[in-house]
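>>> structure here, sequence nowhere to be found:
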C-alpha cells in the first residue's frame, strides 16, 4: 500500500464528530514529516468516501476545503458536532 493509499484509508476511518491533524494523519501513515503531502492529497480529493473536511491544522485552525472553502468546512464540522460555532 502506498503512502497516499494509507492516508486516504486513515481519513476514511475518522469518525463523524471527530477531527485529526494533517501531522497526525501523516504519522499514522508512516511518515511524521509528511503533513504537507497529506494536505496536498486532501486538496485534490473529491472522493466522497474520504471525509477530508475532518482533517485540520495543528494550530487548531480548520484550514481550507476544496469543496467550498473554509466556511463550508466549518459548517460541516459544526453539523457533525466536531466543533462549535
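Now that the structure is in, tell me what you want to look at. Just so you know, these numbers come straight off a predicted model, no measurement behind them. Residues are numbered from 1 along each chain as shown.

>>> count of neighbours near residue 72?
Residues near residue 72, counting by other CB atoms under 10 Å, number 14. For every residue, glycine as well, the C-beta is placed using N, CA and C.

>>> now it: how far from residue 79?
Applying CB to CB, to the nearest Å, the value for residue 72 to residue 79 is 11 Å.

>>> ok, residue 72 touching residue 65?
Yes: counting by CB atoms under 8 Å, residue 72 touches residue 65, with 5.4 Å between them.

>>> find residues that contact each of these two.
Residues touching both residue 72 and residue 65 by CB atoms under 8 Å, 6 or more residues apart in numbering: residue 53.

>>> for stretch 34-48, buried residues please.
34-35, 37-39, 41-42, 45 (16 or more other CB atoms under 10 Å).

>>> helices of this structure, residue ranges please.
Using DSSP state H, the helices found in the chain span residues 3-12, 22-29, 35-43, 69-80.

>>> let me have those in TSV, extended by mean pLDDT and distance to residue 54.
Below are the helices of the chain laid out as TSV (pLDDT from 0 to 100; distance: least, CB to CB, whole Å):
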stretch	mean pLDDT	distance to residue 54
helix 3-12	98	7
helix 22-29	98	10
helix 35-43	97	10
helix 69-80	95	7
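
>>> compare those helices and give me the one nearest residue 49.
Of all these, it is helix 3-12 that lies closest to residue 49, at 6.0 Å by CB to CB.

>>> could I get the buried residues of stretch 34-48 as TSV with distance to residue 52?
Converted to TSV, the buried residues of stretch 34-48 look like this (distance: CB to CB, whole Å):
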residue	distance to residue 52
34	16
35	14
37	13
38	10
39	10
41	8
42	4
45	5
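
>>> excluding its backbone neighbours, what's nearest residue 16?
Spatial nearest neighbour of residue 16, chain neighbours left out: residue 80 (5.0 Å); criterion: CB to CB, 6 or more residues apart in numbering.
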